[in-house]
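[1] predicted model, plus sequence, below.
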Amino acid sequence: QKEVEQDPGPLSVPEGAIVSLNCTYSNSAFQYFMWYRQYSRKGPELLMYTYSSGNKEDGRFTAQVDKSSKYISLFIRDSQPSDSATYLCAMRALGGGYNKLIFGAGTRLAVHP
Amino acid sequence: GAVVSQHPSRVICKSGTSVKIECRSLDFQATTMFWYRQFPKQSLMLMATSNEGSKATYEQGVEKDKFLINHASLTLSTLTVTSAHPEDSSFYICSAQMGGGTTKNIQYFGAGTRLSVL
């Protein structure tokens, strides 16, 4: 079993739709949770960063972390064609030698006009 | 803020040559830098972690003599692919992590380098 599970998609939605992207994980030591967006042939770009449980909102993006269920989500409201990209969840544990980010497989999203 | 520059973005080389890729944190000091490799339609695979002034820590299965990493300063790390072969062709991405404060656990990524070995 992978430490982080993420459906690779692809996910195709019409412009204006609400998009829900999710990851589950198995390591209860994970404390930091991130969502990155990666356009084709580019490096990942940090979208959202959350420490521990809770919600965080930034413009059209909302990140949710439910540590009791080991489940994180990213919601995109009013999706735009420019949101078409691969979305990677990433997480890491706190302290010690745990500097490594553990990535999900990435979900490919296509928003069509 | 938090800009990471990676150069070159694209390199084509002949088999047997060595290729150096640079990763610079432009507006912050990076105590730790990471090197990843990414195959098409796959997630990032961590190759090694480097801390300024010390030897890099390589992930299992990554040849340290093939992929030389130098982290000589708080703003620069380099990856040298030695005696490159076609199977080394891939997309290489670096990231940099700040030291201290609540932001220290965030990795900021470069734009990546596409290596093609003929």
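    Thanks, I have the structure now.
[2] do I have it right that residue A:1 meets residue A:26?
    Yes: taking Cβ atoms under 8 Å as the definition, residue A:1 is a contact partner of residue A:26 at 6.2 Å. To be clear about C-beta, it is placed using only N, CA and C from the backbone, and glycine gets the same treatment.
[3] of the two, who's got more company?
    Higher neighbour count among residue A:1 and residue A:26: residue A:26, with 11 against 4, using other Cβ atoms under 10 Å in any protein chain shown.
[4] for the more buried one, give me its contacts.
    For residue A:26, the contact set (Cβ atoms under 8 Å, 6 or more residues apart in numbering or on different chains) comprises A:1, A:2, A:3, A:4, A:70.
[5] look up phi and psi at it.
    Residue A:26 adopts backbone torsions of phi -110, psi -20, taken as degrees, to the nearest 10.
[6] pLDDT score for it?
    We have a pLDDT of 94 for residue A:26.
[7] before we move on, what about residue A:54?
    pLDDT recorded at residue A:54 is 87.
[8] residues near the nearest residue to it once chain neighbours are set aside, how many?
    Nearest residue to residue A:54 in three dimensions, chain neighbours excluded: residue A:65, at 6.1 Å (Cβ to Cβ, 6 or more residues apart in numbering or on different chains). When neighbours are counted by other Cβ under 10 Å, residue A:65 registers 23.
[9] now swap in residue B:60 and tell me
    Residue B:60 has 4 neighbours, counted by other Cβ under 10 Å.
[10] the residue of chain A at minimum distance from chain B sits in which helix or strand?
    Here the residue of chain A nearest chain B is residue A:43; by Cβ to the nearest Cβ that distance is 3.9 Å. According to DSSP states H and E, residue A:43 maps onto no helix or strand at all.
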